[in-house]
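1. Provided below for reference: sequence and predicted model.
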Amino acid sequence: MRRKILMGVFAIALPIGTMAVLSPVATAAKPPPNPVSCTLNATVAISPPLSVTGVVAAKGTSGTTTVHVTYTNCTDAAGHTTLSGNTITITTPAGKDKNYKTDGNNKKLDYLGLCGAFASSSTTKDLGKAVKNLAVSGGILKGAKAAEGTVGTEVGFNIVNGTVKGGTFPTASHGASIAAGLVDTGSEGASNTNLVNGCTSGPVSTIYIDSSTSTATL
């Protein structure tokens, strides 16, 4: 269950990385022609909040996940530069609880905000639609892949093999990448840990990305 929830976090956070990406990766045929490195700042708001039992919802209704991204301290070969941020809203329809027995739910009803369904195929499908051909500073990001990993000492995710085509900062083929860590200290870290553990300590409405360790290079 912990791994499933983790992959759900990475899936929802994928648009965070796909808006701009960091440092050249080993698979790039050559360095990006115009590399830009930034600090990544992001918040992920989930409505309704994720919980073990979720909330009963009418068929046809949807929950929303809003990802707001900004970039700071951006530099390129010429010095300081700027990248515009973005906000993405992902909608996920209500559905049956596949874990209804352990969650104590009714198998005939539809639910929103199920923590155990966070990495479901419907969530991933909706995410794919949201990030397809995402605009990046006048260009379009294509082909980015996300995987579970670590960023410094934090649980996080790495996105590699992305290519920004056109715009102000195009990359070499497969030259875009990102590293984003989840806050692991204080109240924000406790909330992230609760999410990774299946929301067993209460509802989760926000995923916190650590701007002190998260970076993007385009």
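-> On my side now, so go ahead.
2. what about the nearest residue to residue 191 once chain neighbours are set aside, how many neighbours?
-> If the residues on either side of it in the chain are set aside, residue 191 comes closest to residue 204, at 6.0 Å by C-beta to C-beta, 6 or more residues apart in numbering. To be clear about C-beta, it is placed using only N, CA and C from the backbone, and glycine gets the same treatment. A count of nearby residues for residue 204, using other C-beta atoms under 10 Å, gives 23.
3. next one: phi and psi at residue 204?
-> Main-chain torsions, residue 204, degrees, to the nearest 10: phi -130, psi 120.
4. how near is it to residue 58?
-> 23 Å (C-beta to C-beta, to the nearest Å).
5. bridged to the residue nearest to residue 191, which residues?
-> residue 50 (DSSP bridges).
6. tell me the contacts of it?
-> 46, 49-51, 115, 191, 194-195 (C-beta atoms under 8 Å, 6 or more residues apart in numbering).
7. can you tell me how far it is from residue 190?
-> In terms of C-beta to C-beta, residue 204 sits 10 Å off from residue 190.
8. would you state the helices of this structure in chain order?
-> Here the chain has its helices, by DSSP state H, at 2-18, 100-103, 121-131, 186-196.
9. stretch 162-172: which residues count as buried?
-> Across stretch 162-172, burial judged by 16 or more other C-beta atoms under 10 Å covers 162-164, 167-172.
10. show the backbone phi and psi for the residue of the chain most remote from its centre.
-> Largest separation from the mean C-alpha position in the chain: residue 108, at 30.7 Å (C-alpha atoms, centre = their mean). Reported as degrees, to the nearest 10, the phi and psi values for residue 108 are phi -90, psi -10.
11. which residues does the residue lying closest to it once chain neighbours are set aside contact?
-> Counting by C-beta to C-beta, 6+ apart, residue 108 lies nearest to residue 96, which is 7.9 Å off, once chain neighbours are set aside. By C-beta under 8 Å, 6+ apart, the residues touching residue 96 are 107-111.
12. which one of those sits in the busiest neighbourhood?
-> residue 111 (22 neighbours).
13. quick one: it and residue 54 touch, right?
-> Yes. Using C-beta atoms under 8 Å, residue 111 is in contact with residue 54, at 3.9 Å.
14. for these two, list the residues in contact with both.
-> 97, 105, 117.
15. list buried residues within those.
-> The buried subset of the shared contacts of residue 111 and residue 54 (16+ other C-beta under 10 Å) comprises 97, 105, 117.
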